[in-house]
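Student: Fold the following for me, if possible:
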Amino acid sequence: QLQLVESGGETVQPGGSLKLSCAASGVTADYFAIGWFRQAPGKEREGVSCIGSTSGTAVYSSSVKGRFTISRDKAKNAVYLQMNDLKPEDTGVYYCAAGSYSLCISWKGADHWGQGTQVTVSS
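Tutor: Numbers count the residues shown, from 1 in each chain. Here you go, the predicted model:
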């Protein structure tokens, strides 16, 4: 069974950068679309970015497009989220999730979730 573990979250100042990692184990992550989601305090969880399983096509929410980059490392069975020009509104718990191709279309259909990593953007 696929297991996902996120890491890399910490507190940074506005304008700073972070790189989050999503390490997969149990099954190769290549078979799955992998998405990054976040949940801010008092708000619903939202999709941030997603990368397809075969094409590797990446999608981004409008709030992060141009600042965040998602990528895969097949050799390490991992997916990353490079976050630049961070803003206070990027604060939240970031989760990676795995699912079918629909995950990158509708942000729905995740079958596996990690435990999350906290990102705080504050001066």
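
Student: residue ranges of the strands in the chain, please?
Tutor: Along the chain, counting by DSSP state E, strands occupy 3-7, 11-12, 18-25, 33-39, 46-51, 58-60, 68-73, 78-83, 92-99, 110-113, 117-121.

Student: residue contacts, the nearest residue to R38 once chain neighbours are set aside?
Tutor: Spatially, and ignoring its direct neighbours in sequence, R38 is nearest to G92 (4.1 Å; C-beta to C-beta, 6 or more residues apart in numbering). Glycine gets a C-beta too; all of them are placed from N, C-alpha and C. Applying C-beta atoms under 8 Å, 6 or more residues apart in numbering, we find G92 in contact with R38, Q39, A40, P41, K43, Q118, V119.

Student: Tell me what G92 is bridged to.
Tutor: Beta-bridge pairing of G92 under DSSP bridges involves V119.

Student: ok, it to K108 distance?
Tutor: 19 Å (C-beta to C-beta, to the nearest Å).
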